[in-house]
Structures are given as structure tokens and as C-alpha cells.
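# show me the folded form of this:
(chains A and B)
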Amino acid sequence: MQTATAIIGQYYPVQSVIHRLDPRIKLLGSIVLMIIILCAHSYPMLGVEALCLLGITLCARIPLRALLSSIAPLSFIIIITALLNIFFVQGGTIYLALGPIIVSQDGISAALFLCCRLLLLLISGSMLTLTTTTLDISDACETLLNPLKRFGFPSHECAMIMGIALRFLPQFIEESRIIKDARTSRGAESPTQGGIKAITSRLIPLFTSAFRHADTLALAMDARCYHGGEGRTHLSPLKLATRDYISLGCMAAITAGSFLIGLIG
Amino acid sequence: MDTRPALHFDDVSFTYDGTTFVLDGITFSINKGSTVGILGGNGSGKSTFAKLCNALLVPDQGCVTVFGRHTEDTTATYDIRSDAGMVFQNPDDQLIASLIENDVAFGPENLGVPTNQLRERVTEALASVGLQGFERTETAALSGGQKQRVAIAGVLAMQPKILILDEASAMLDPQGRRDLLDICRDLHQQGMTIIMITHFMEETLDFDQDIVLDKGSIALSGTPQDVLTQIDRLHELNLEPPFACKLSDALQQRGVPVHLHSTDAGLITDLKKLYTDSAQDALATSANPSMSKEELQ
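Next up, the predicted model:
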């Protein structure tokens, strides 16, 4: 039942050491990696993170095709950011000047660097959802947010909302495709031709459908006796194993190494 | 031994807007271990009926009891919901987790079933719907029929005594519908009370009782043979009688001496008998044209 492709938010079920890691470690690891990537100001620092992500991908036994297809729907963010940098960052040698449009050396450098940074950010986010089920992610969130409970923060509810959002993400992407096809088959303009109006007319039916799904899902959860986190048990309770402590050590080493390279660079 | 009815509706009325009654003064009982089909056209009140059984809604007038427990009693809500498990129409909207085992375990986890019993319940529930070995499979990778079976397993893991299927077969292909009916038959043989809400009258042919709703009231009630053979009345209620009913009715109207049947098997037996009789007649007539049929016998 397993395919070589995946869409963002979709779990990729294989047996691997990364899949077996405690979801709290994976969630923390993802957050730490993202912070390091956001703080990176040089290619060597990004290179360390890229190597690290390559290692994680290999250990997780995620095929390259599945990884790329999981981030493909968000590639427009990279393209838009790159274009903005090319046209708005100026300095150094000017390669092209057509009226107000100026493409300079600094613009291209900034665009390239940001592209690399965004790509690594998307991969690290995607790696979490590819290797961790949505319920595990929400359990991990709940455990990590539990200290805030004493201040009245609804940690269980927030984690459940996030888990369900991730569970329905592939379904909404699929429904968005169906709405697009339905519109195209009736001669509607594509978003690139119709602009904001075309995007809105795709989003409104998607929102309507989302509310309908939410309504039925809430009923189905009620029917299965859901009443919040109070008294709830777990099929696989979270428990840290030796491999999790080793991962924590690796994470600390990578963080230290990255910042050391940043300081030297 | 528990002699209380599995489900009892006592003069139940329900309205969403305070003026129009979706269900209006319904009274009936469903016995433990029986199979009941709830039929009706769109807007007849079928889904409201299902939600009232499961304490998702409580009646505005009258009372609903599940094994003697009133659905208005908020202290009994979770006991009622675990006793009367409910499967909805769209399998995609009722699967909460991305992995099958997590989804099946969702209900018992909410009931606080100890962790050491959860795995056993998941395995048993998946075996009941023929999905053993699928524990670590992703729900998104399943067909519509398989997803609906996972939804049923999710309810079975709560160990209910009543299974309510609210148009659960409506979005399935013919094979998916057959599988679903087979599962219902198996569960009924194990003693479970089955309530199937459906548009497809063929699905309730071997049930104990059929109830047809119309504009919130009971229009017809009785055995499938009694209910499904009332062809004109069913047409008035915007329902499509089973094929065997329509064919036997058409044959009767053309003078063919067959009984009105709700099942294909009954009609086939009648037609086979008719064919054998006429073949014997033809044989007798050709052997001795001067003798009557009575004389030959």
C-alpha cells in the first residue's frame, strides 16, 4: 500500500531508526534544525545542515522522490522569494537593466542563498511529518506544552487541533486539485491567468468543504467518546529509549558544530 | 439475563429550529440481537434518528433509552456511546489518525482502557473486519471500502452491543457494499444488534425488521417481506423496491401466477416451479393428447 511519492503532511510508513525515535525528540530536533538554518549566514553553515538532513533522510529510508514530492506543493514560496530578491536586492555588477528592472550580482547571490535556506527549512519540516504519524506529533506537542497547563494553557486541545490539521492536509490538497479540475473543465481561468479572483473562487469552495468535514469529524469524535485529554490512555505511551538519548547527543553536537563553523566563518 | 430492549423510542419528537419537527412522536423498540433496517427518502429523519440513538442529540419530547439508560442523563452519555457505536457515511470524515492502529485505538483510548489491553482490542477489531496485519498501514492508502471497514473496527474496539450504520454503504462500490453486509452478518451471528440506515432496500432483505420513515413519522413497519412488497406505497415514499419485488409485481400484472417476493431466491423458486409444471404439462400433452392433466397424474 506504500507509494514512492508523498504529499506534504503525509506519513511515509517504513521501518527505520528515525521512524522509531520518540516523537518528542523528532519534534525538538526539527525545531532546533530550523532555528540553526534560520540563523545560518554562510554557505558552510548551510552545508553542515544539508549534510545532516541527507544523513537523516538516508537513515529514515525515505526515497528522494517521496521527499521532493512532499515539498513540491510549497515550491512556489521558494520561487516567489527568489524573484523578489533578484529584483529588489541591488549591488555589485549589473547583469541586466530593462527600465526599472535591474538584475545585479548581489540580487542573484541573495536569491540563491535564500533558496537554499528555504529548501532546507521545507525538508526539515517535511522530514518530521514523513517519519512521524499525526497522532504521535500531537502527543509530542501535548507533552512538550504540558508545563504551560498550570497557567491554564489548553495543551491537549492545541495538540489535537494540530494533529487533525496535519491529518487532513493531504485530503485538502486533493480536494483543491478536484476543485481546480472542475473549474478548468467548465472553462474557468487558471490562477496564473485569473489572478486573485481565480484564487478566491478556488479557496471559497475549499473552505466550505473544510467546514463540512470539520462538522462531521467533530460528530465522529463525539460518537467515539472523545472528551479531551482527561483520563485518556495511549496505545503507544511515549517513553525515551537509548536511541533517543543518542539522538539528543547528536543534536547537541550538530548545534555546537554549526555555531562553531558560523563563528569561524 | 438482560431482558431490556436494546433501544426504545417513547413518543420521541425532535426539532432543529424549534418549529419544524424532523421526528414527530415516534414510538418503537428494538430487541437485543436483532437486525433492523431504517429506510426513508431524503429528509425523512433517518440521520436524526441515528444521532438520537447515540446521544449525539437528545429528544425535545419523549425519551430514548439504550439498554434502559436515558440519553438525557449526561452521566450515562459515554456508556451509551460505547454501547451504541456509530459509523457515518463518509469514511474520510471519521478517520482521526493517519495510521490504522492509532485510529482503531482512538475510541478505547478515550474510554480510558488500560494500555496493556489496547493492543489486544485493536488486533481483535481489525480481525473482525478482515484487516488483520494492516495495523501499521496508512489510512490514506486504503480504498473507500477498506476505510469504512477501519471505521467499523474503530467502533468495534469500543466493544459496543449495538452497531448503528448511518448510510455507511452510500459511498461504496458494489464489492465494498457486499463486504460491509458480510461483516454485519458476522457481527449479528456473534449477538450484536445491527441498525442499518440506508437508501438501498436490498441491503435489509434478510433483516428481522424494517422501519420506513416519512416526514419524521413511521410510515411502514414490519418484516422485510411485509414492508418491501408494498410497492405502490414505497413509490409514494420515494423509495425504490428491490428488483425481485418489481419483477414479481410485473409478472403478476401480466397474469403469471407468482407470489410477490422481496428476495431473488423466493422469486427464482416460484419461477422454477412454474417452469417445471409447464414442462410436465407440455410433455404429457405431447405423449397423450386426449388425456387431461389430472388423468395423467
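# residue B:246: neighbour count?
14 (other CB atoms under 10 Å in any protein chain shown). Bear in mind the C-beta positions are built from the backbone N, C-alpha and C, glycine included.
# now it: which helix or strand?
Per DSSP states H and E: residue B:246 is located in helix B:243-253.
# give me the distance from the following helix or strand past that helix to the chain's centre.
With elements assigned by DSSP H and E, the helix or strand that comes after helix B:243-253 is helix B:264-287. Chain-centre distance of helix B:264-287: 35 Å, with CA atoms, centre = their mean, to the nearest Å.
# ok, stretch A:223-241 next?
With CA atoms, centre = their mean, you get 25 Å for stretch A:223-241.
# what ranges do the helices span in the stretch 51-200 of chain A?
A:64-71, A:75-88, A:105-131, A:134-145, A:155-185, A:191-223 (DSSP state H, counting those that start in this stretch).
# between the helix holding residue B:246 and helix B:264-287, how many degrees?
40 degrees (axes from the mean of the first three to the mean of the last three CA atoms, to 10 degrees).
# buried ones in helix B:243-253?
Of all the residues in helix B:243-253, those buried under the rule 16 or more other CB atoms under 10 Å in any protein chain shown are B:244-245, B:247-249, B:251.
# can you add pLDDT and distance to chain A and give these back as a markdown table?
What follows is the buried residues of helix B:243-253, written out as a markdown table (pLDDT from 0 to 100; distance: CB to the nearest CB, whole Å):
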| residue | pLDDT | distance to chain A |
| --- | --- | --- |
| B:244 | 86 | 34 |
| B:245 | 85 | 33 |
| B:247 | 89 | 38 |
| B:248 | 86 | 39 |
| B:249 | 86 | 38 |
| B:251 | 89 | 43 |
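# could you give the number of residues near residue B:92?
19.
# follow-up on the earlier one: tell me which of the helices of the stretch 51-200 of chain A sits nearest to chain B.
Chain B sits nearest to helix A:191-223 of all these, at 3.7 Å, using CB to the nearest CB.
# what's the spacing between the closest one and its chain's center?
Here helix A:191-223 is found 21 Å from its chain centre; the criterion is CA atoms, centre = their mean.
# tell me which other helices or strands that helix touches.
If contacts are counted by 3 or more CB pairs under 8 Å, 6 or more residues apart in numbering or on different chains; DSSP states H and E, helix A:191-223 sits against helix A:155-185.
# report the angle between the axes of the helix it packs on and helix A:191-223?
Using the same axes, to 10 degrees: helix A:155-185 against helix A:191-223 is 140 degrees.
# show residues contacting stretch A:201-220.
A:164, A:168, A:171-172, A:175-176, A:179-180, A:183, A:188, A:191, A:194, B:51, B:56, B:88, B:90, B:92-94, B:96 (CB atoms under 8 Å, 6 or more residues apart in numbering or on different chains).
# swap in 10 Å and give it another go.
Contact with stretch A:201-220 is made by A:164, A:167-168, A:171-173, A:175-176, A:178-180, A:182-183, A:188-191, A:194, A:226, B:51, B:54, B:56-57, B:86-96, B:106, B:151, B:154-155, B:166, as judged by CB atoms under 10 Å, 6 or more residues apart in numbering or on different chains.
# follow-up on the earlier one: in TSV, list the helices of the stretch 51-200 of chain A along with mean neighbour count.
Shown next, in TSV, are the helices of the stretch 51-200 of chain A (neighbours: other CB atoms under 10 Å in any protein chain shown):
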stretch	mean neighbour count
helix A:64-71	18
helix A:75-88	14
helix A:105-131	20
helix A:134-145	22
helix A:155-185	16
helix A:191-223	14
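# for the ones you listed, which one sits closest to residue B:102?
helix A:134-145 (4.6 Å; CB to CB).
# and the closest one, is it in reach of chain B?
Yes. Using CB under 10 Å from any CB of the partner chain, helix A:134-145 reaches chain B at A:134-139.
# can you add pLDDT and give those residues back as a markdown table?
Shown next, in a markdown table, are these (pLDDT from 0 to 100):
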| residue | pLDDT |
| --- | --- |
| A:134 | 79 |
| A:135 | 77 |
| A:136 | 85 |
| A:137 | 86 |
| A:138 | 83 |
| A:139 | 85 |
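# can you list the weak-confidence ranges in chain B?
Applying pLDDT under 70 to chain B flags the ranges B:1-3, B:288-297.
# show me what residue B:28 is bridged to.
residue B:9 (DSSP bridges).
# other SSEs contacting the host helix or strand of residue B:116?
Remark: residue B:116 resides in helix B:115-128, with elements defined by DSSP H and E. In this structure, helix B:115-128 packs against helix B:100-110, helix B:144-156, helix B:174-189, with contacts taken as 3 or more CB pairs under 10 Å, 6 or more residues apart in numbering or on different chains; DSSP states H and E.
# now the stretch 101-250 of chain A, which segments are flagged as low pLDDT?
A:189-195.
# contacting residues around the helix holding residue B:116?
Helix B:115-128 has contacts (CB under 10 Å, 6+ apart) with A:233-237, B:100-105, B:107-109, B:111, B:113, B:131-135, B:149-150, B:152-159, B:183, B:186-187, B:190, B:192.
# domains of chain B?
Chain B is divided into the following domains under automatic domain parsing: B:7-228, B:249-296.
# need the winner for burial among these.
With neighbours defined as mean count of other CB atoms under 10 Å in any protein chain shown, these peak in mean count at domain B:7-228, which reaches a mean of 20.
# and the residue of chain A most remote from its centre, how far is that from chain B?
The C-alpha centroid of chain A is most remote from residue A:99, which lies 38.3 Å away (CA atoms, centre = their mean). Computed as CB to the nearest CB, to the nearest Å, the residue A:99 to chain B distance reads 49 Å.
# phi, psi for that residue please.
Main-chain dihedrals, residue A:99, degrees, to the nearest 10: phi 60, psi -120.
# again, but for residue A:100
Per degrees, to the nearest 10, the backbone of residue A:100 is at phi -80, psi -10.
# what residues does it make contact with?
Contacts for residue A:100 were tallied using CB under 10 Å, 6+ apart; they are residue A:87.
# taking the centroid of chain B, which residue is nearest it?
residue B:196 (2.4 Å).
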